[in-house]
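Undergrad: What follows is a predicted protein model with its sequence.
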Amino acid sequence: MVKKTGGVLLSSLKLDHGADKPLSAQLALGIRDLVLNGALRAGDRLPATRTVADDLGVSRTTVIEAFARLTEEGLVVSRTGAGTYVSQALAEHRPQSAATPAPPRASGISAAAEPRLSRVIAQRSEAFDERLVHAPRAFTTAMPAFDAFPMALWSRHVAKHWRARRDIVMGYGDVRGYGPLRRAIAAHLRANRAIACEAGQVFIVNGAQHGFQLVGNLLLDAGDAVWFENPGAIGARNCFTAAGARLVPVPVDAEGLNVEEGVRRAPDFRLAFVTPAHQQPVGCTMSLARRLALLAAADATDAWIVEDDYDGEFCHRGRPPPTLKSIDVAGRVIYVGTFSKTLFPALRLGYLVVPPGLVPVFEKLMSAFAPGVPSNPQAVLADFMDEGHFAAHIRRMRKLYSERHDALLDAARARLSGALEVVPTETGLHTVARLGDGFDEADVTARAWARAVTVVPLSRFCLEPVAERGLVLGFSGVRVEEIAKGVAVLAEVFDDARRLPLAG
């Protein structure tokens, strides 16, 4: 009877002969699921390998391989001359799947419904905002021009470095980052961003978000006050929230972060987060007076400043706006850069430039628990920079993004007058647009997304409400013809919004 039941269960398994996954692996996974969900119980005998092979239309070798894999995992036990059985260990210690309700707690809430989290995350998880989906379409923000990236050139460098020494390609690299890349970044920043730094101050990270997390872990205690631009960058906000910081929304105006208001709201701040070159998302450049005031405020309270220069390289006309780090003589600014915007996001490379006084503690922090970044892509990028390709790419993208910015302005003026006023910007990959009277941010956003056009309400970036209503529009990753089509869709969206209320 046991054998017959086992035969029925196994013959019900469906194997895909056209799949990439081997049939033996498919069979092992299928039997494993039957064991773990209780369909096959401890002590049940599996059918003979020949029977399973005949039932499923596979070779006996395939079944033997599957049974051997399950035996190695301890889920089944083979007895010479007696057959193969489900392990008796499962009688008392069967793993419980996430789909199976856990025994109720004293509170009546199941463990599956309420997982135990750290105190900080449990208290603050509702404050997190989901990151936006970055589909390459109008008008996704923070999206470089994939279509203009020199892929053939990059591929040649990749091929070259895959032939490098195996310890570089396959081993653990320097947790601080690949030495030649750190030197190349320092040289680039000295020449192009007026930052006086040495390679020893540069630390390579897995993108800017990783850098923010490291800063939060190293410099913030739970409850520490962090001045945060309002509206401001969502990713950094999530990182400092996860560190347990008390985020203090500080208003932004045409000159950038209002330092005087920050002092009024939290004079004891521990850290300030700013995007001075191209404020995220409003787009203004912080004035020199505000920069000096911010540096003075940080020096007076022994606070740190995180400068996120996420897209300051891309000045559409003239020279790029100056960095805050370039005038920091007291060593208060931690500069964060990323290659996700200058090259492409899948590279997952960013960097920190820390003040000399923080270098030893960052070295210790990264040696203690930061996993480091794979050396091979760093080596590719180092060559790309040393040979001048990076600087040439930046120059080309400045011209291209300026053209796409102007195309957006021209199309919006022609098609969206009275509904959406696109604000010109001198720098970056996105701009903001002010909503006309009678339109609602959420309404317009939902209608646009339903038509496969990405717009983001300004309110999404706010810790506290602001008076201005508008949308954030990216233009860098969209061809000129697609920009025109996207604006045409938005024109339809506003026409519909005038005539029809949003359903639901």
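TA: Sure thing, it's come through. Residues are numbered from 1 along each chain as shown.

Undergrad: CA atoms for contacts and neighbours, from now on please.
TA: OK.

Undergrad: In which helix or strand does Leu473 reside?
TA: Secondary structure assigned from DSSP states H and E places Leu473 in strand 470-474.

Undergrad: now the angle from the helix or strand just after that strand to strand 470-474?
TA: As assigned by DSSP H and E, the chain's next helix or strand after strand 470-474 is helix 480-499. Helix 480-499 runs at 160 degrees relative to strand 470-474, counting by axes from the mean of the first three to the mean of the last three CA atoms, to 10 degrees.

Undergrad: tell me the domain boundaries of this structure?
TA: Following automatic domain parsing, the chain resolves into domains at 2-93, 165-387, 392-499.

Undergrad: out of those domains, which comes closest to Pro115?
TA: Between Pro115 and these, the shortest gap by CA to CA is with domain 165-387, which sits at 17.0 Å.

Undergrad: next one: that closest one to chain centre, how far?
TA: Centroid displacement of domain 165-387 relative to its chain, using CA atoms, centre = their mean, to the nearest Å, is 16 Å.

Undergrad: sorry, back to before: looking at the domains of the chain, which is closest to Ile121?
TA: Ile121 sits nearest to domain 165-387 of all the domains of the chain, at 6.2 Å, using CA to CA.

Undergrad: Figure out the length between the terminal residues of the closest one.
TA: One end of domain 165-387 to the other measures 21 Å (CA to CA, to the nearest Å).

Undergrad: Same check on stretch 185-203?
TA: End to end - CA to CA - stretch 185-203 spans 10 Å.

Undergrad: In it, which residues are buried?
TA: Within stretch 185-203, the residues scored as buried using 16 or more other CA atoms under 10 Å are 185-189, 193, 195, 197-203.

Undergrad: now the helices: where do they sit in the stretch 1-150 of the chain?
TA: With helices called from DSSP state H, counting those that start in this stretch, the stretch 1-150 of the chain shows them at 2-11, 23-36, 49-56, 60-72, 90-93, 119-124.

Undergrad: cool, the stretch 151-300 of the chain as well?
TA: Going by DSSP H, counting those that start in this stretch, the stretch 151-300 of the chain shows helices at 151-162, 166-170, 179-192, 208-219, 234-242, 259-265, 288-301.

Undergrad: Highest mean neighbour count out of those helices?
TA: When neighbours are counted by mean count of other CA atoms under 10 Å, the highest per-stretch mean among those falls to helix 234-242, a mean of 21.

Undergrad: partners of the longest strand along the chain in the sheet?
TA: Identified as the longest strand of the chain according to DSSP state E is strand 246-253. Here strand 246-253 is paired, per DSSP bridges, with strand 225-230 (parallel), strand 256-257 (antiparallel).

Undergrad: orientation of the longest one relative to helix 234-242 in degrees?
TA: By that I understand strand 225-230. 160 degrees.

Undergrad: quick one: contacts of strand 225-230?
TA: 237, 245-252, 257, 262, 266, 268-274, 461-464 (CA atoms under 8 Å, 6 or more residues apart in numbering).

Undergrad: just checking, what's the longest helix in this structure?
TA: Longest helix of the chain, by residue count under DSSP state H: helix 389-415.

Undergrad: any chance of the helices of the stretch 151-300 of the chain in JSON lines, plus mean pLDDT and distance to Leu365?
TA: Formatted as JSON lines, the helices of the stretch 151-300 of the chain follow (pLDDT from 0 to 100; distance: least, CA to CA, whole Å):
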{"stretch": "helix 151-162", "mean pLDDT": "95", "distance to Leu365": "29"}
{"stretch": "helix 166-170", "mean pLDDT": "83", "distance to Leu365": "23"}
{"stretch": "helix 179-192", "mean pLDDT": "97", "distance to Leu365": "18"}
{"stretch": "helix 208-219", "mean pLDDT": "95", "distance to Leu365": "8"}
{"stretch": "helix 234-242", "mean pLDDT": "94", "distance to Leu365": "17"}
{"stretch": "helix 259-265", "mean pLDDT": "98", "distance to Leu365": "30"}
{"stretch": "helix 288-301", "mean pLDDT": "97", "distance to Leu365": "23"}
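
Undergrad: Looking at these, spot the one closest to Ala488.
TA: Here helix 234-242 is closest among the helices of the stretch 151-300 of the chain (CA to CA), at 28.7 Å.
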